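> Structural data only, the sequence is not supplied:
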Ligand code: CA
């Protein structure tokens, strides 16, 4: 990790191949960027949240959690520009074909000049600045208003008290209205790598959420159970 003048755009590199990580960091610093590095997916996710980089270079195959998961998790509350670094063997197709939320991807091996050009282009498109803290507008669904930065949910003018996972689950539903998700899919998307329970965990959290967002939690109109399939949130 290196400190650089405050005006330098900050790039987070998440890459477990040491020589590549070193080369990338070296080249970016030479171009005047501030560089932060991680060699595991979970560390990268943590650093992305703490350090608020202006751009992220994200490898796909990583220890901890893979780059695709990291990207998805970041996209829940951030639109930081992300370039995925993909290996041979179809990873590029996978990244391009999946709804990862990455802005660009570049297959390995790549030339540094090309990578630098893409970094510059992407930073230019995003204004070359970190997303301002107050920049994310609230998500609104019916009488619910969700402040993604303050992790606050307001319903009919009062703030709902929520556990962190309840909040994330609600946010997930709000972002995917009208789609049925199985408990396994929800576990994967919302709990992800730090999960240590079973599908029942989802049911419990859904029950808690219903008590907060439904007029009648016993016959939910919003967060519906789809028998044999899972749950669906009516937008
Ligand atoms: Ca790797």
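Thanks, I have it. Computed from a predicted model, the values in this text were never measured in an experiment.

> Beyond the helix or strand of the chain with the lowest mean pLDDT, next helix or strand please.
Within the chain, no helix or strand scores below helix 91-97, which has a mean of 62 by mean pLDDT, DSSP states H and E. Going down the chain from helix 91-97, the next helix or strand is strand 104-107, by DSSP states H and E.

> and the next helix or strand after that next one, which residues are buried?
Beyond strand 104-107 in the direction of the C-terminus, DSSP H and E gives the next helix or strand as helix 112-125. Neighbour counts using 16 or more other C-beta atoms under 10 Å place 115, 116, 118, 119, 122, 123 of helix 112-125 among the buried residues. Backbone N, C-alpha and C define where each C-beta goes, glycine included.

> Over to stretch 224-235?
Residues of stretch 224-235 classed as buried by neighbour count (16+ other C-beta under 10 Å): 224, 230, 231, 232, 233.

> Stretch 26-36 too?
When burial is assessed from 16+ other C-beta under 10 Å, stretch 26-36 yields the following buried residues: 27, 28, 33, 34, 35, 36.

> ditto for stretch 33-48
By 16+ other C-beta under 10 Å, the buried positions in stretch 33-48 come out as 33-39, 41-45, 47-48.

> Max pairwise distance over the buried residues of stretch 224-235: which two?
With C-beta to C-beta as the measure, no two of these lie farther apart than 230 and 233, at 10.9 Å.

> ok so, going back, so of the buried residues of stretch 26-36, which ones are in helices?
Within the buried residues of stretch 26-36, residues falling in helices by DSSP state H are 27, 28.

> a markdown table for the buried residues of stretch 26-36, including pLDDT and distance to the ion?
What follows is the buried residues of stretch 26-36, written out as a markdown table (pLDDT from 0 to 100; distance: C-beta to the ion, whole Å):
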| residue | pLDDT | distance to the ion |
| --- | --- | --- |
| 27 | 90 | 18 |
| 28 | 94 | 18 |
| 33 | 93 | 21 |
| 34 | 94 | 23 |
| 35 | 96 | 18 |
| 36 | 97 | 18 |
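
> Mind putting the buried residues of stretch 26-36 into TSV with distance to residue 147?
What follows is those, written out as TSV (distance: C-beta to C-beta, whole Å):
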residue	distance to residue 147
27	38
28	33
33	31
34	29
35	31
36	27
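
> that older thread, show me which of the buried residues of stretch 224-235 is closest to the ion.
Among those, residue 230 lies closest to the ion (C-beta to the ion), at 32.3 Å.
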